[in-house]
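S.K.: next one to model:
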Amino acid sequence: MTVSTLHHVTDALIAMLDAALPASVAVGDGEAPGKAGQAHTYPYVVVYSIAGGGPSGDAAHPAAMAETVYQVSSVSDERWEAEWAAGLVRQAVLGRTAGTGAFVRPIDGYTVNGGAKTLTGDDGLVVWHRGFDSGGGLIQEGRLSNVADRYVLSVAPHTA
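M.R.: Just a heads-up that it's a prediction; the model follows:
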């Protein structure tokens, strides 16, 4: 696995959140969703790939697995709405089924140039574990409320 393939994990995380969240909660890729200079519709979330994580393979294959760290900021002009959106994101990323303990929302699909892709089919990667790194708590910035939570995704080559 190389750093050049890890951007697909970011694409897949954004696609999963976009599908999991209500249509009224837009998802941005490193910036607020929508066109620059136009007013935003609240709430919205922004996904950032941030420093942290790194290779976590064994001595023979140090880059065989990697941990990637993401911050997902939930933003609104209403405090309760930012906290509500952050709760929806936590459930989408970390939610598991009662019976098998499998993640409710797989992080495996994204779109490039209008064509659907999957991590396991096109990149040979699979997100095999997810963790809550830290909760940023509520941050008031002027009239906006922001909840910035961090997640760690563990990625490994897909084996059939």
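S.K.: and the helices in the chain?
M.R.: When assigned using DSSP state H, the helices of the chain occupy the ranges 3-20, 79-94.
S.K.: quick check: buried residues in the shortest one?
M.R.: Translated: helix 79-94. 81-83, 85-86, 88-90, 92-93 (16 or more other CB atoms under 10 Å). Bear in mind the C-beta positions are built from the backbone N, C-alpha and C, glycine included.
S.K.: who touches stretch 134-151?
M.R.: Outside stretch 134-151, the residues within contact range by CB atoms under 8 Å, 6 or more residues apart in numbering are 50, 52, 69-79, 81-83, 85-86, 89-90, 93-94, 130-133.
S.K.: and stretch 19-37, by the same measure?
M.R.: Contacts with stretch 19-37, where a contact means CB under 8 Å, 6+ apart, come from 10, 14, 17-18, 40-41, 43-49, 75, 85, 88-89, 92, 105.
S.K.: and that stretch, how far out from the chain's middle?
M.R.: Using CA atoms, centre = their mean, to the nearest Å, the distance from the centre of stretch 19-37 to the centre of the chain it belongs to is 13 Å.
S.K.: so the strand ranked longest in the chain versus helix 79-94, what angle?
M.R.: Once the chain is assigned using DSSP state E, the strand that runs over the most residues is strand 125-141. Inter-element angle recorded for strand 125-141 and helix 79-94: 170 degrees (by axes from the mean of the first three to the mean of the last three CA atoms, to 10 degrees).
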